[in-house]
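1. what follows is a predicted protein model with its sequence.
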Number of protein chains: 2
Amino acid sequence: MALIDSVVMRGLSTQGVLSSEDKALLLGLELSPRYMSANEVLWQESAEADLFCMVKEGWAYSYRNLKNGSKQILKFYLPGDIIGIRDFGFTRRLSGAAMINKGVVYPFSYQQLFELFGRSNLAVGIMATAMRQQAQLSERLIYLGKYAAHEQLAHFLYEIFLRLKRINAVEDNSFLMPLTQELISDALGMSPVHVSRTFSMLRERGLVIRERQHVMLPDPEALARLVEFNDSYIDELLPPSFSELLRASP
Amino acid sequence: MALIDSVVMRGLSTQGVLSSEDKALLLGLELSPRYMSANEVLWQESAEADLFCMVKEGWAYSYRNLKNGSKQILKFYLPGDIIGIRDFGFTRRLSGAAMINKGVVYPFSYQQLFELFGRSNLAVGIMATAMRQQAQLSERLIYLGKYAAHEQLAHFLYEIFLRLKRINAVEDNSFLMPLTQELISDALGMSPVHVSRTFSMLRERGLVIRERQHVMLPDPEALARLVEFNDSYIDELLPPSFSELLRASP
DNA sequence: GGCTATCCATAACCTATGTTAAGTTAGCAG
DNA sequence: CTGCTAACTTAACATAGGTTATGGATAGCC
């Protein structure tokens, strides 16, 4: 079993894009099988992220346990899929992963991927950027699935708050948000009317003050607690291990 | 303005991971500003995908217009964010993108990214794999947001059907799906009871026959029409242009 | 064979959110 | 200033989907 069995690699291969060295690299990866039983956990949420798994047999899924006791499944993985790309560029797993039925997976390390990437630290950076975007998307998915409107909106506002803070666009817990309630409703998948209702509710609770485009969060921490915000996915730094791995690459 | 202003690159840079050549490459990218007015469209859904945009000033968003007349916003972009990574590895845009207020963006081409990636065709492949995953996530987000339960479930089943077909795990429009209704409910963000109700409804309409783990779609096309399935995001081939770009790389 | 635990179907009832509509406010053009 | 429009608020009503509960079917196990 080689990484080249994964679907996109197969595409690259059949289109003649991969050089013979490329193919040799992929085929020589020495992937060794790991036999999994049904329901066996590949990794837990927040575990250290240091490897991928290519699914050879069986189905798996990635998931997040939610504070309200339920869980949100992010994706089902079928044979040929790669689990764990989502966490590339993060120190810890953003979601857990487990088998559904019994099967076989081929783990390979981030280290091995670095080697494939060769000299291109830039490629790693671009990739990490892309994965950050995916992480934000996943978080939204989670909130769309199982949380009430006021939690969704609170989460949305707090995320914007953090992202703006990173670029120094927040002052005194206030920022400019050039969005109409209609745009917000299209993003959160709720009706414009309900966005308004929900803003009113958050205002009454003293969590959000909004005057047209000016938004103020009097107590951002309270808002974060309300949604149990896990800000690791916004985090801008790459894992410390990356520095070593990158310098170690040929 | 250089790509290095993008957040992750800044991280890589401050951690000393980027070599001086890397930095020179990034700084020398000759990004030229494009001044955008409010509501100006960067690209339409299904347009040819050949460039990214780094946002310098203003807010933007990516979106999909839905058959029911509404639209789903996938993401808001703030200054420093890169728009269009999502479509890397696809021939056409999976979502449109537009400015919210006026601003400035720096476009750069996939070609330029290829050069950054250097010799590593493999890196391109891995990246494309990751972007395919993100695309699947986006599709689910869209369905979670604005569609009724029976449309969500139909979409879910049809996606599984296509993915299994690619790996030859479908025979006579039947396949094995080792999922309980509870797992499906955790994926779709609805209650297990409603998953059952919805299966019953699809069965009555003659669209899905399900006997424990055995699923049959008597008329897959009818199901696809019901959800207006756009299968380009499942497509396994990379754009033809990739072959040329990759071979052209130094 | 019978026992037990899952998984699933259906029903009755409840609630969050959608829909429609009417009214208020702020900004902007003339 | 006057009037117009877009953005927002609030209210009244409708409904999709959540919740709780019950019973039936199937698979595994002794």
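-> Received the coordinates, thanks.

2. which positions in chain A make contact with DNA strand C?
-> Near DNA strand C, the residues belonging to chain A are A:Ala148, A:Ala149, A:His150, A:Gly189, A:Met190, A:Ser191, A:Val193, A:His194, A:Arg212 when assessed by Cβ under 7 Å from any atom of the strand. C-beta here means a position set from N, CA and C on the backbone, and glycine is covered the same way.

3. from B:Met201, how far out is the last one?
-> Translated: A:Arg212. Computed with Cβ to Cβ, to the nearest Å, the distance linking A:Arg212 and B:Met201 is 44 Å.

4. who has more neighbours, those two?
-> When A:Arg212 and B:Met201 are compared on other Cβ atoms under 10 Å in any protein chain shown, the one with more neighbours turns out to be B:Met201, at 15 against 9.

5. part of a helix, is that one?
-> Yes - assignment of B:Met201 by DSSP: H, G, I helix; E, B strand; the rest coil places it within a helix.

6. and it, what's its pLDDT?
-> B:Met201 is assigned a pLDDT of 96 by the prediction.

7. show me what contacts it?
-> B:Met201 sits next to B:His150 when contact means Cβ atoms under 8 Å, 6 or more residues apart in numbering or on different chains.

8. where do the helices sit along chain A?
-> Along chain A, the segments classed as helices by DSSP state H run A:7-14, A:20-27, A:110-117, A:121-146, A:149-166, A:181-188, A:192-204, A:220-227, A:240-248.

9. stretch A:158-173 vs chain B: in contact?
-> Yes - among the residues of stretch A:158-173, A:Ile160, A:Arg163, A:Leu164, A:Arg166, A:Ile167, A:Ala169 lie within reach of chain B under Cβ under 8 Å from any Cβ of the partner chain.

10. any idea how far that stretch is from the middle of the chain?
-> 20 Å (Cα atoms, centre = their mean, to the nearest Å).

11. again, but for stretch A:198-216
-> Using Cα atoms, centre = their mean, the distance between the centre of stretch A:198-216 and that of its chain works out at 28 Å.

12. quick one: end-to-end distance for it.
-> Distance across stretch A:198-216, first residue to last, is 16 Å (Cα to Cα, to the nearest Å).

13. CSV please, covering the residues of chain A next to DNA strand C and showing pLDDT.
-> Supplementary listing: the residues of chain A next to DNA strand C in CSV, determined by pLDDT from 0 to 100:
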residue, pLDDT
A:Ala148, 93
A:Ala149, 95
A:His150, 95
A:Gly189, 93
A:Met190, 94
A:Ser191, 95
A:Val193, 97
A:His194, 97
A:Arg212, 86
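
14. nearest to DNA strand D, of those?
-> Ranked by distance to DNA strand D (Cβ to the nearest atom of the strand), the residues of chain A next to DNA strand C are led by A:Val193 at 4.3 Å.

15. count of neighbours near that closest one?
-> When neighbours are counted by other Cβ under 10 Å, A:Val193 registers 10.

16. got any ranges where chain A has weak pLDDT?
-> For chain A, the stretches flagged by pLDDT under 70 are A:1-2, A:7-8, A:11, A:16, A:118-120, A:235-237, A:243, A:245-250.

17. centroid residue for it?
-> In chain A, the residue lying closest to the centroid (Cα atoms, centre = their mean) is A:Ala135, at 2.3 Å.

18. how close does that one get to DNA strand C?
-> In this structure, A:Ala135 and DNA strand C are separated by 24 Å, where distance is defined by Cβ to the nearest atom of the strand, to the nearest Å.

19. identify the residue nearest that residue in space, chain neighbours excluded?
-> In this structure, A:Ala135 finds its nearest non-sequential neighbour in A:Tyr233, 4.0 Å apart by Cβ to Cβ, 6 or more residues apart in numbering or on different chains.

20. swap in A:Leu42?
-> Taking Cβ to Cβ, 6+ apart as the measure, A:Leu42 lies nearest to A:Ala97, with 4.1 Å between them; neighbours along the chain are not counted.

21. and A:Ile160, by the same measure?
-> Spatial nearest neighbour of A:Ile160, excluding adjacent residues (Cβ to Cβ, 6+ apart): A:Met177 at 6.4 Å.

22. if we can go back for a sec, hmm, A:Gly89 and the residue nearest to A:Ala135 touching each other?
-> No - when contacts are counted by Cβ atoms under 8 Å, A:Tyr233 is not listed as touching A:Gly89 (10.3 Å).

23. anything in contact with each of these two?
-> Joint contacts of A:Tyr233 and A:Gly89 (Cβ under 8 Å, 6+ apart) are A:Arg132.

24. between the two, point out the one with more neighbours.
-> The neighbour count for A:Tyr233 versus A:Gly89, taken as other Cβ under 10 Å, is higher for A:Gly89 (25 against 19).

25. the spatially closest residue to the more buried one that is not a sequence neighbour and A:Asn39: what is the separation?
-> Once its chain neighbours are removed from consideration, A:Gly89 has its nearest residue in A:Ala128; the separation is 3.2 Å (Cβ to Cβ, 6+ apart). Spatial separation of A:Ala128 from A:Asn39 under the definition Cβ to Cβ is 31 Å.

26. more neighbours: which of the two?
-> A count of neighbours by other Cβ under 10 Å puts A:Ala128 above the other of A:Ala128 and A:Asn39, at 20 against 10.

27. follow-up on the earlier one: need the residues of chain A next to DNA strand C in JSON lines with distance to B:Glu139, can you?
-> As requested, the residues of chain A next to DNA strand C are arranged in JSON lines below (distance: Cβ to Cβ, whole Å):
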{"residue": "A:Ala148", "distance to B:Glu139": "24"}
{"residue": "A:Ala149", "distance to B:Glu139": "23"}
{"residue": "A:His150", "distance to B:Glu139": "27"}
{"residue": "A:Gly189", "distance to B:Glu139": "14"}
{"residue": "A:Met190", "distance to B:Glu139": "19"}
{"residue": "A:Ser191", "distance to B:Glu139": "22"}
{"residue": "A:Val193", "distance to B:Glu139": "27"}
{"residue": "A:His194", "distance to B:Glu139": "24"}
{"residue": "A:Arg212", "distance to B:Glu139": "34"}
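
28. so which of the residues you listed wins on neighbours?
-> Neighbour counts for these peak at A:Gly189, which has 21 neighbours (criterion: other Cβ under 10 Å).

29. residue contacts, it?
-> Residues in contact with A:Gly189, defined by Cβ under 8 Å, 6+ apart, are A:Leu144, B:Gln72, B:Leu144, B:Gly145, B:Lys146.

30. can you name the residues of chain A sitting close to DNA strand D?
-> By Cβ under 7 Å from any atom of the strand, the residues of chain A that approach DNA strand D are A:Thr180, A:Gln181, A:Glu182, A:Pro192, A:Val193, A:Ser196, A:Arg197, A:Phe199, A:Ser200, A:Arg210, A:Arg212.

31. if we use 6 Å, what do you get?
-> Taking Cβ under 6 Å from any atom of the strand as the criterion, the neighbours of DNA strand D within chain A are A:Thr180, A:Gln181, A:Glu182, A:Val193, A:Ser196, A:Arg197, A:Phe199, A:Ser200, A:Arg212.
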